[in-house]
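J.: Turn this into a structure:
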Amino acid sequence: MDYFPWWTEEQKKLAVELGEFAEEVMPRDAGARWKREFPWDIFEKIAKKGYTGVAVPKEYGGSGMGATGACIVVEQFCRMPGPGRIMVGNMIGGLRQIIEFGSDEQKARFLPRIAQGELGAIVITEPFAGTDAAAISMRGKREGDSYILNGKKRFIVSAGIASRHMVYVRTSNDPADIAKYRHLTAFIVEKGAPGFTVEKMNEVLGFENIQNGVLDFDDVPVPVANRLGQEGDGWKIMTAGLNFERTLISAMTIGWQGELLRNAVPYAQRRVQFGKPTIDMPGNQTKIADLIIRLKLARLATYYTAYLWDLGWDITVESNVTKVFNVEGTMQSALDAVQVMGGDGVTPFYPAQSIFEIAKVEHISGGTMEACRMVIFKSGVKQWEKDLKMRRRVIDEELGVPVPVHGALPREKDVDEGKVLSMLAEDYRVNPGLFMSRDDMTTCLDVDDARLDAFLEALEKKDFAKLYRTKKGISLAKATYDGLKAAHPKEYYRWFPGWVTPDRKF
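T.: Predicted coordinates:
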């Protein structure tokens, strides 16, 4: 495993130790998958070694190695698709919610249990709420010192074996709360609570021996002491947890990618076709090169994101970018590895098939690729809002073409309807296919909002301008053909490059 320069000596030592441990238990994992039995003994060893506590603060019995330590653990364990998935979704996946939003009493009660290897589960998805997690309909109603939970959750990893469940429920139907995402609340529900049962098990692609099922909550009482944060904090707790989980999913995929490379290369070195090892074939060399490229970039993106998390940065964009890049890259690497290995690649006798299957699951689990891209779009555009402002351009008097402006230009004063139309006509020459935004217009004109609206609406009534409105009012404006004619004569808009001869103009 490659180290990164920001890793501590403790983290480097952990990586070596984890690699050796993974090699030790991989035979047992393979046997458990063939028998379709849950490998409790592997998790007992994991707990004994304290690996589930790498990201738990030291004062609560953990190693205090943060997100970086968690990713090191996950990368190595995910050479085994089953145990690695349990580590991500459950043992470590619910950790950040407690660290960031738990009370001192809750941290003291639950964090040592995580460090000691207790299995947990993240409980979000419902029959009617998946990617649209804000639509959760499972109800929670307070009665005295408890909340009574009613509803169902599905596609829950570790259903029936988890002891601790990070559950999100609806506690308000007030439209005002829903608009502000204050209608959800987070709870820790423990195994054995009255009315809390497993309804059924799912057969999920790639989950040969990992339990995934539907949970039923029938008047389940949960103490207020098990509520995480305040009532209505569920959405922000969930999204914070998902960012951490997506970082760990990214680490999970690099474990798989490494295993694909470890199998495809030695296989091709030993498979002889057309009188030579298949690794000598340029097509296979290209595919193996792509496996290396994706693995290198995936590891860099993952551990950089984890490093930023450990520094306390907001990694909303990074965690989602890394998950999308890594998951899609892993799927392609699995396809390439299978192709290099030919018929053997699509049998369960080699791990490429299992990794191919479970890589597809991660296109959905922990946030679909589409959901992650929505987060990237919204958060990314907001994060780079200043850098994404459109640069102002003006027509160069000598060249007659638009050129960028450095610095601010004086704004037009004593604005009237004619000056607004002239501005729109000028913008047609600069950006013929675009509307002007309100920011664009106020950059050019020294005018208040009310007067600008009045001028634009007057131009609209004359059919000199086309306006686009949002709930906040006029947002975009563009001169119509009639408006361009009213603003300037045709020659104002004409331009030809120097190589166009007069006889070619008409």
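
J.: Could you report the neighbour count for Ala129?
T.: The local packing of Ala129 (other CB atoms under 10 Å) involves 19 other residues. Heads up, the C-betas are built off the backbone N, CA and C, glycines and all.

J.: Quick check: what element follows the biggest helix by length in the chain along the chain?
T.: Using DSSP state H to define each element, the chain has its longest helix at helix 234-270. Moving toward the C-terminus from helix 234-270, the next helix or strand (DSSP states H and E) is strand 272-273.

J.: before we move on, back to that, can you list the buried residues in the longest helix of the chain?
T.: Buried residues in helix 234-270, defined by neighbour count with 16 or more other CB atoms under 10 Å: 234-238, 240-261, 263-265, 267-268.

J.: Show me where the stretch 151-300 of the chain has its strands.
T.: Applying DSSP state E, counting those that start in this stretch to the stretch 151-300 of the chain gives strands spanning 164-170, 184-190, 196-201, 212-223, 227-228, 272-273, 276-277.

J.: Same list, the ones you listed, but as TSV with mean pLDDT, mean neighbour count and distance to Gly102 please.
T.: Formatted as TSV, the strands of the stretch 151-300 of the chain follow (pLDDT from 0 to 100; neighbours: other CB atoms under 10 Å; distance: least, CB to CB, whole Å):
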stretch	mean pLDDT	mean neighbour count	distance to Gly102
strand 164-170	95	25	11
strand 184-190	96	24	9
strand 196-201	94	14	21
strand 212-223	95	19	14
strand 227-228	96	23	6
strand 272-273	95	10	58
strand 276-277	96	12	55
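
J.: Adding distance to Ser137, write these out as CSV.
T.: As requested, the strands of the stretch 151-300 of the chain are exported to CSV (distance: least, CB to CB, whole Å):
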stretch, distance to Ser137
strand 164-170, 6
strand 184-190, 11
strand 196-201, 16
strand 212-223, 12
strand 227-228, 19
strand 272-273, 56
strand 276-277, 57
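
J.: Can you verify Cys64 is assigned to a helix?
T.: One correction, residue 64 is Gly, not Cys. No. Following the definition DSSP: H, G, I helix; E, B strand; the rest coil, Gly64 is coil and is not counted among the residues of a helix.

J.: my read: it touches Val56, true?
T.: Yes. Because the distance of 7.2 Å satisfies CB atoms under 8 Å, Gly64 is recorded as touching Val56.

J.: more neighbours, these two?
T.: A side-by-side neighbour count of Gly64 and Val56, using other CB under 10 Å, places Val56 first with 29 against 15.

J.: contacting residues around Met201?
T.: Contacts were defined as CB atoms under 8 Å, 6 or more residues apart in numbering; by that measure Met201 touches 159-160, 211-214.

J.: Revised request: answer the last question for Gly66.
T.: With contacts defined as CB under 8 Å, 6+ apart, the neighbours of Gly66 are 55, 306, 309-310.

J.: tell me the pLDDT at Arg85?
T.: If you check Arg85, the pLDDT there is 78.

J.: Assign it to helix, strand or coil.
T.: At Arg85 the chain is in helix, as set by three-state DSSP.

J.: List the contacts of it.
T.: Residues in contact with Arg85, defined by CB under 8 Å, 6+ apart, are 78, 157, 207, 210, 252, 358.

J.: Show me the helices in the stretch 401-506 of the chain, by range?
T.: 417-430, 438-444, 449-461, 481-487 (DSSP state H, counting those that start in this stretch).

J.: among these, which is nearest Glu362?
T.: Comparison of the helices of the stretch 401-506 of the chain against Glu362 by CB to CB identifies helix 438-444 as nearest, at 39.8 Å.

J.: quick one: the closest one to chain centroid distance?
T.: Its chain's C-alpha centre and that of helix 438-444 lie 34 Å apart, by CA atoms, centre = their mean, to the nearest Å.

J.: do the same with stretch 294-303
T.: Taking mean C-alpha positions (CA atoms, centre = their mean), stretch 294-303 and its chain are 15 Å apart.

J.: Could you tell me which of the contacts of Arg85 belong to helices?
T.: Counting by DSSP H, the part of those found in helices is 252, 358.

J.: got a markdown table for the contacts of Arg85, with pLDDT and distance to Leu452 too?
T.: A markdown table is the format used below for these (pLDDT from 0 to 100; distance: CB to CB, whole Å):
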| residue | pLDDT | distance to Leu452 |
| --- | --- | --- |
| Cys78 | 87 | 57 |
| Val157 | 88 | 55 |
| Phe207 | 82 | 59 |
| Ile210 | 83 | 60 |
| Met252 | 93 | 53 |
| Ile358 | 87 | 56 |
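
J.: now, which of the contacts of Arg85 sits nearest Gly483?
T.: When the contacts of Arg85 are compared against Gly483 (criterion: CB to CB), the nearest one is Met252, at 57.1 Å.

J.: Next one: the closest one relative to Ala450, how far apart?
T.: Taking CB to CB, to the nearest Å as the measure, Met252 and Ala450 are separated by 55 Å.

J.: Also Leu484?
T.: Applying CB to CB, one obtains 26 Å for the distance of Leu484 from Ala450.

J.: which outside residues touch the helix or strand harbouring Arg142?
T.: Counting by DSSP H and E, the element that carries Arg142 is strand 139-143. The contact list for strand 139-143 (CB under 8 Å, 6+ apart) reads 147-151, 169-171, 185, 187, 222, 224, 231.

J.: any weak-confidence spans in the stretch 1-150 of the chain?
T.: By pLDDT under 70, the low-scoring segments of the stretch 1-150 of the chain are 1, 90, 93.

J.: can you give me the helices for it?
T.: All helices of the stretch 1-150 of the chain, identified by DSSP H, counting those that start in this stretch, fall at 9-35, 40-49, 66-77, 81-86, 95-101, 104-115.

J.: Let's have those helices in CSV, adding distance to Val500.
T.: Converted to CSV, those look like this (distance: least, CB to CB, whole Å):
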stretch, distance to Val500
helix 9-35, 65
helix 40-49, 74
helix 66-77, 60
helix 81-86, 64
helix 95-101, 63
helix 104-115, 73
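
J.: So which of these is nearest Glu318?
T.: helix 66-77 (11.1 Å).

J.: Please report the distance of the residue nearest in space to the middle of the chain from Ser379.
T.: Using CA atoms, centre = their mean, the residue of the chain that lies closest to the mean C-alpha position is Asn320, 2.4 Å off. Asn320 sits at a distance of 8 Å from Ser379 (criterion: CB to CB).

J.: circling back: nearest to Ile178 among the contacts of strand 139-143?
T.: Arg170 (9.1 Å).

J.: what's near enough to touch that closest one?
T.: Arg170 makes contact with 136-140, 183-185 under the criterion CB under 8 Å, 6+ apart.
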